[in-house]
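J.: Need coordinates for the following:
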Amino acid sequence: MTQQHPELAQEQEYILHAYQCLEDSRTGAMKIRELTSSGPGGTFQARLERNVFDENLVHRLEQLDLGNAALVFGRIDREPQPDSDGVVSSEVETFHIGRLAVADKDREPVVVDWRAPVAEPFYRATGREPMGLLRRRHFVVEGPQLLALEDELFGEGHLGVGHDEGLAESADPRNNLRGYSTLLTALGRSRTGQLGDIVATIQSEQDEIIRSPQAGVLVVQGGPGTGKTVVALHRAAYLLYTHRFPLEDQGVLVIGPNRVFLRYIERVLPSLGEAGVEQVVLADLVPDVQFGGKESNEVARVKGGIKMSRVIDKAIRDRERPLRDDVVLPYGTGYIRLRAEETQFIVRQARRRFHRHNQARKFVENEVWNSMAATVRGEADPDHVKEFLRDTPEMREVFERMWPVLTPAQLLHDLFGSKALIKLAANGIIPEADYLTLHRSRSETVKDVRWTNADVALLDEARHLLGPIPRRSGKIDEADEIRTYGHIVIDEVQDLTPMQLRMVTRRSLSGSMTIVGDIAQATGPLAPNDWDNVLEYLPSKKQPRIVGLSVGYRIPSQIMELADKVMHAATPGLRAPRSVRDGDELPVIVQATPSQSLAQEVVVQAQRVIARPNAGRAAVICPDHMVDEISEALHNAHIEHGRAQAAGLDQDLSIVPASLAKGLELDDVIVVEPEAIVADDPQGLRLLYVALTRSTQSLTVVHQQPLPVAMR
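T.: Okay, the predicted model is just below:
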């Protein structure tokens, strides 16, 4: 990389000009907003138009808030293009590429949005396919400060990037990267505890995924460090830019594996000017219940199986029951009767007419009143019967037996709290040994239940089948319905069970999804062996596409070499990504001595790691049951640290349970007791592979038990 490029000062001046134009745009937007905030006066139409205009301005202001992110990060010089009359100009076209579009006071473009079609060659041009480029320039920047430039030249006498003699792809992935020096500079920076965007260093294979068509399910298979998470997030930003209408109204949903991960990625989309994307864990999509319950892996496996949808459907049908005996009640000077035989007909009719349980309750009530009114000599008015009897304990009991109004939590609380109800619903659908594991002691009230992660999809299935509880007017509030989205991104999708995938699918408006993951890192209760096991539960309106990321950017080759041994033992058929950079040191493996506890050795290694020159973010990744022990040892040694369960990665040193490590990246990682990580999880080798592939700089392994065979 050339530190004293002859055009460095000129480009620095241009960048400062771009920032000034951005500030002018922000100031102008604020002034217009003040003009539209003059008060509630005027006609309704005027106020409505003013509010809509104000809303759009607020959104634009959010887009213009860059924080510390660089506005401009590159430039392309393009061959002269013919005008509308076919005349080719003699001037080279120059475009500065940045995070968002910026114009000057005359509305002339100063910065081109990275998602615009004209910016595509910045990411995709190669020596063989220059896409009309003469030069591609990369900036090394910190905010508005330009530190260095790197140029790639195309055309006769120049090879561009990615090809040997402009003819064939190089076997070494490093030769196929654009802006290699700029990329290494970005990769070498210390982590901040939050994932950053890669908009300045997107590589060709990543850009192809980001700009791929919206329709259907796109599967991105990528090993550790390939950038699959940021690629998926940049794709969401690209689709919002390209299909602003209707995607902005339909909504974009990002689903992550846990809250630590969500905190880790939360700044990526806002840094790209997209602040309105909903980012959730699956539990956030289920209202009115509390989570935090624990259960065994075996129970989670049973609950994740697709046949549980049939069990829940049957459990609902089991609550739709005719009466065993006639009901006779005083009415006027005589009696009124509800015949058991008639209730059989009412239940059958309700099942036939209505697809959702709660929606049919009003029909059942009306049919009961009509049936009872018909038994009175001379017939009675059904409305009068209803007014006379509806608040009696006997009729409340009738409706509770025949067709109770149920919330998802009430249905499952009753089901799991009764072995008889479980057997009634599950017998013949899943094996007895499986359905008996579902039983658990009833809580005092349904509000006291702490539901588990595996319950999320079951509650959602019940919500889908039951439907909302009708208002007294009989109408359904749209807010109670399950919301759908125009595009859905799922990260670490390989860990979702069939029931969870089914839950996500019902939220897809058109079947448009980006799902990213790595089969080698699958550690869920029903871990798939290939992508077909995942795709069979996702939308199939369009043929799904599976693409792979083959290059590892984050993890040094020395660490990847050790991790690959574990991966090949866990998933022999998969190929590991190729690392594009070497680290400064080999992984360190330390065995605690008999005279020293494992936690004490972790303290020693933590002190060594945090004392490193220019130390960045570090983590101790350990078996889940060891978190308290290691935290206490670090506390006693007066080492400040955080715990990922509670606070994300806010501290320079964090303790991360192995079960929450997926998707994170740190500068330095200490992996504790690999054999215990393997033993604690049904997919233990895959979980160990995850733990070993979190570091961008150094890896230390501390153990007391013998290492797993794959690591020896």
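
J.: looking at the chain, which helix or strand is least sure?
T.: One helix or strand of the chain scores below all others by mean pLDDT, DSSP states H and E: helix 44-63, with a mean of 58.

J.: which residues sit against the following helix or strand past that one?
T.: Following helix 44-63 in sequence order, the next helix or strand is strand 72-78 (DSSP states H and E). For strand 72-78, contacts defined as C-beta atoms under 8 Å, 6 or more residues apart in numbering pick out 11, 14-15, 18, 92-99, 111, 119, 121-122, 125, 132-139, 141, 179, 199-200. For glycine as for every other residue, the C-beta is placed from the backbone atoms N, C-alpha and C.

J.: Buried only: go through these for me.
T.: Buried subset of the contacts of strand 72-78 (neighbour count, 16 or more other C-beta atoms under 10 Å): 11, 14-15, 18, 95-99, 111, 119, 121-122, 125, 133-139, 141, 179, 199-200.

J.: Packing partners of the helix or strand containing Asp151?
T.: Per DSSP H and E, Asp151 falls inside strand 145-153. Under the contact criterion of 3 or more C-beta pairs under 8 Å, 6 or more residues apart in numbering; DSSP states H and E, strand 145-153 touches helix 8-35, strand 133-142, helix 180-188.

J.: of all these, which gets the most neighbours per residue?
T.: For those, ranked by mean neighbour count under the definition mean count of other C-beta atoms under 10 Å, the leader is strand 133-142 at a mean of 21.

J.: what residue ranges in the stretch 451-600 of the chain score low on pLDDT?
T.: For the stretch 451-600 of the chain, the stretches with pLDDT under 70 are 472-478.

J.: Wait, Ile655 touches Ser631, no?
T.: Yes. With contact defined as C-beta atoms under 8 Å, Ile655 counts as touching Ser631 (5.6 Å).

J.: Show me which of these two is the more surrounded one.
T.: Of the pair Ile655 and Ser631, Ile655 is the one with more neighbours under other C-beta atoms under 10 Å, namely 24 against 18.

J.: Contact partners for that one?
T.: Contacts of Ile655 (C-beta under 8 Å, 6+ apart): Ala619, Val620, Cys622, Val627, Ile630, Ser631, Leu634, His641, Gly642, Arg643, Ala644.

J.: unless I'm mixing things up, the third one is touching Val669, no?
T.: No. Under the criterion of C-beta under 8 Å, Cys622 is not in contact with Val669, lying 10.9 Å apart.

J.: tell me what the helix or strand that contains Glu632 is packed against?
T.: Using DSSP H and E, the element containing Glu632 is helix 627-636. If contacts are counted by 3+ C-beta pairs under 8 Å, 6+ apart, helix 627-636 sits against helix 598-610, strand 618-622, strand 653-657.

J.: average model confidence for it?
T.: The predicted model gives helix 627-636 an average pLDDT of 96.

J.: Over to stretch 258-275?
T.: Per-residue scores along stretch 258-275 average to 88.

J.: Same question for it: list its buried residues.
T.: 258-265, 267-274.

J.: List the contacts of that stretch.
T.: Here stretch 258-275 makes contact (C-beta under 8 Å, 6+ apart) with 59, 62-67, 69, 99-100, 193-197, 199, 229-230, 233-234, 236-237, 240, 254, 256, 277, 279-281, 491-492, 644-645, 648-649, 656, 660, 662-664.

J.: can you check stretch 679-686 too?
T.: Contacts to stretch 679-686, defined as C-beta under 8 Å, 6+ apart, come from residues 297, 520-525, 527, 566, 569-571, 623-625, 658-659, 677-678, 687, 708, 710.

J.: Now the phi/psi pair for Asp243, please.
T.: Slight slip there: residue 243 is His, not Asp. phi -120, psi 50 (degrees, to the nearest 10).

J.: check contacts around it.
T.: Gln214, Gly486.

J.: redo that, cut-off 7 Å
T.: By C-beta atoms under 7 Å, 6 or more residues apart in numbering, His243 lies in contact with Gln214.
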